[in-house]
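> What would the 3D arrangement of this be:
(chains A and B, ligands or ions: 1)
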Amino acid sequence: MKSPYREPFHINGFLFGKGEKSVAIVGAMRGDEIQQQFVCSQIVRLLCDFEQKGLLRKDFQILVIPSVNHFSMNINKRFWPMDNTDINRMFPGYNEGETTQRIASAVFEAIKDYRYGIQLASYHFPGEFVPHVRIIKTFNDITDDAQKFGLPYVYLKTPEPFDTVMLNYNWQVWNSAAYSIYAGTTDTIDKKDAHLTWNAVMRFLSQIGIITKDYHGGYLSRMLNDADFQTVMAERAGFFYKLKTAGAEVRQGELIAKILDTFNGSVLSEIHSPSDGVIFFAHSKALIMQYTAAFQVIGW
Amino acid sequence: MTTTVFSASLPIEEQLIIQKQVITGHRSGKRLCVVTGTHGDELEGQYVCYLLTDFLQRNADKISGTVDVYPALNPLGIDTITRGMPGFDLDMNRIFPGKKLSSLSDEVAYAIIEDIKTADFAIDIHASNIFLRELPQARINVNTAETLLPYAAMLNVDLIWVHPAATVLESTLAHSLNSLGVKTIVVETGVGMRITPEYGQRLFFGILNLMKNIGMYEGEISAQITEPTIVSGDGVAFVNAGASGIFLPTKTYGENVKKGEEIGQIVSPLEGKILSVVTAPEGGKIMTIRAYPVVYFGSLIARIIIG
Ligand SMILES: [Zn+2]
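Predicted coordinates for the structure are as follows:
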């Protein structure tokens, strides 16, 4: 696509193998999904390497699209720079519609016929997650294959209205088994979480037989439903002085953060863990507003 | 009387506050809520709210019931020229009905719904965004058309657009209120970041006319009320840009065009040439026209009421 004054916009894909359309992998769809694009670039690097060494089945096709939205990423914006629309709210897209509907349509056309769809996703609230696989609950039961990533958690989420215009849901409508992988951070690179995430994708490819070499084992994933999460809200606003991060094991009543007065540093509120368990999500900004979700804890 | 509907602390000293003006009539009666400013870059509703609060406060003796005017559901957005909710990058019209103990945006949405849900009627005024100019219009989901059409026709708009239902639209304020039994009509008018005084005045008289018809206002209306055209989803033709460049319109909204007639051109100032001539795919009246000159391939240029 041409732009009035910028260089033309392309979406690049990397194809491995021929034949049955097996796995499509999509990286950054928002301009701040740098961790997601980083993970995707590492997957491309490994697949190129494996292909050279003859470790990839040639009769299965893999498509990797590391970047859907570099027009935003190049200029430090999250959404489409012209109209601030979110490509991941435009699926399945419309090829005669608005620009981002057309982008979504072109992407979806290229990826919709694959048996498995993997999206490296981020959440619309600023924060860090324990790396996990997320499935939007539809009529298809695709939880068994989700275990093949070997990530600590698989979260089966009940769809909300906005999910119906996102990639994951539409992939499933087209009968792909769609998995969203949350890779910890978004606009910064966390090497440890990134490594865990690309390993999970490679492990999945090995488990379904596309990579012919055995990949080392992962976790036996725990299944999570909406009811497993306890949200801890900030009762006050101020500096968010975090004592525990995502992934930490906590005990009931344990102090996990303080909210400090932004003028005199005094403690306005203490945040305690509601149960024994693990911090699944943690707010990641230095400041916090009242009523913001500071943590999500999953009990044992 | 000014009342605070919701407040939450921001990190440093300030509170986020959503306020409303409550105008109580001299006799009891229905409750109407006029809301606007969900999208911080849409300002047409500001003028309507000003005209209403000014007029109704001076004429409370002619009013039965209560009118609540909420000029800024997204106060941070309006004050900072931000369409969404600052800090969240969220379209506030996709978070309803909200819930408690989830996030600030959910909490805001929940408080707004709680405050409005006992009303009989609500008018949710939107302007277009900064990209498009719209004729004054009411927008109604096809599932609520039977109930809402007669009331929408009182609002002094040029047209009523009955659009198809979509799951994603279930998270709008209007959908949430309608499903709670508040007859809610969405109005779109004018353009983003600007005020079109003529349309503001028309909508003000339209709201008075609605109030008169439902027994909330007994006084004169010093304006002729427009009979709207009713269009359904397939009665509207969309025109999208076939090239990326600078759009120069030759027609404006409200004008009639024939099929194939030129609406404008997309040009390249660098090359000094026309990249694309934009023509009408169907004959009819232009209800929407591009206001922002820079366009990408696919940008909406116009909508035409067919016929
Ligand atoms: Zn709006």
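> Quick one: name the residues of the stretch 151-300 of chain B near chain A.
B:166-171, B:238, B:240, B:243-246, B:268, B:270, B:294-300 (C-beta under 8 Å from any C-beta of the partner chain). Using the backbone N, CA and C atoms, a C-beta is placed for each residue, glycine as well.
> I'd like to know which of the residues you listed are buried.
Neighbour counting by 16 or more other C-beta atoms under 10 Å in any protein chain shown classes B:168-171, B:238, B:240, B:243-246, B:268, B:295-300 among those as buried.
> Centroid-wise, who is the farthest residue in chain B?
residue B:271 (38.7 Å; C-alpha atoms, centre = their mean).
> Give me the secondary structure label for that one.
Counting by DSSP: H, G, I helix; E, B strand; the rest coil, the backbone at residue B:271 sits in coil.
> Is stretch B:1-12 in proximity to chain A?
Yes - shown here: stretch B:1-12 in contact with chain A (C-beta under 8 Å from any C-beta) through B:8-12.
> May I ask which of those residues has the most neighbours?
residue B:11 (23 neighbours; other C-beta atoms under 10 Å in any protein chain shown).
> Just to be sure, which of the residues of stretch B:1-12 next to chain A are found in strands?
Using DSSP state E, the subset of the residues of stretch B:1-12 next to chain A located in strands is B:8-9.
> Same list, the residues of stretch B:1-12 next to chain A, but as JSON lines with pLDDT and distance to residue B:131 please.
JSON lines is the format used below for these (pLDDT from 0 to 100; distance: C-beta to C-beta, whole Å):
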{"residue": "B:8", "pLDDT": "97", "distance to residue B:131": "31"}
{"residue": "B:9", "pLDDT": "97", "distance to residue B:131": "35"}
{"residue": "B:10", "pLDDT": "96", "distance to residue B:131": "30"}
{"residue": "B:11", "pLDDT": "96", "distance to residue B:131": "33"}
{"residue": "B:12", "pLDDT": "97", "distance to residue B:131": "34"}
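> Which member of the residues of stretch B:1-12 next to chain A is positioned nearest the ion?
Taking C-beta to the ion as the measure, the ion sits nearest to residue B:8 out of those, at 22.4 Å.
> what residues are up against the closest residue in space to that closest one that isn't next to it in sequence?
What sits nearest to residue B:8 in space, not counting adjacent residues and going by C-beta to C-beta, 6 or more residues apart in numbering or on different chains, is residue A:290, at 4.3 Å. Contacts for residue A:290 (C-beta atoms under 8 Å, 6 or more residues apart in numbering or on different chains) come out as A:234-237, B:8-10, B:104.
> Verify the contact between residue B:56 and residue B:63 for me.
Yes - counting by C-beta atoms under 8 Å, residue B:56 does reach residue B:63; the two are 6.3 Å apart.
> Residue B:227 and residue B:153 touch, don't they?
Yes - the criterion here is C-beta under 8 Å, and residue B:227 meets it with residue B:153 at 7.5 Å.
> out of those two, which sits in the busier spot?
Higher neighbour count among residue B:227 and residue B:153: residue B:153, with 20 against 10, using other C-beta under 10 Å.
> The more buried one against residue B:159, yeah?
No - counting by C-beta under 8 Å, residue B:153 stays clear of residue B:159, with 10.3 Å between them.
> anything in contact with each of those two?
With C-beta under 8 Å, 6+ apart, residue B:153 and residue B:159 have common neighbours B:228, B:230.
> Which helix runs longest in chain B?
helix B:197-213 (DSSP state H).
> re the thing from before, now for residue B:56 and residue B:63: what residues contact both?
With C-beta under 8 Å, 6+ apart as the test, residue B:56 and residue B:63 both reach residue B:23.
> Quick check: can you list the domain ranges of the chain?
This is for chain A. Following automatic domain parsing, one finds the domains of chain A at A:14-223, A:227-299.
> was after chain B, sorry
Split by automatic domain parsing, chain B gives B:2-227, B:234-306.
> and the residue in the stretch 101-250 of chain A positioned nearest to chain B, how many neighbours?
Nearest residue of the stretch 101-250 of chain A to chain B: residue A:237, at 3.7 Å (C-beta to the nearest C-beta). Residue A:237: 27 surrounding residues under other C-beta under 10 Å.
> again with residue B:129
Neighbour number of residue B:129 under other C-beta under 10 Å is 20.
> pLDDT score assigned to it?
According to the prediction, residue B:129 has pLDDT 90.
> and the spatially closest residue to it that is not a sequence neighbour, what pLDDT?
Among residues not flanking residue B:129 along the chain, residue B:192 sits closest, at 4.4 Å (C-beta to C-beta, 6+ apart). At residue B:192, the pLDDT value in this model is 96.
> Repeat that for the one 5 residues further on.
We note a pLDDT of 97 for residue B:197 in this prediction.
> ok, it - contacts?
residue B:47.
> And the residue in the stretch 101-250 of chain A positioned nearest to the ion, its phi and psi?
For the stretch 101-250 of chain A and the ion, the shortest gap (C-beta to the ion) falls at residue A:162, measuring 16.3 Å. Dihedral pair for residue A:162: phi -70, psi -20, per degrees, to the nearest 10.
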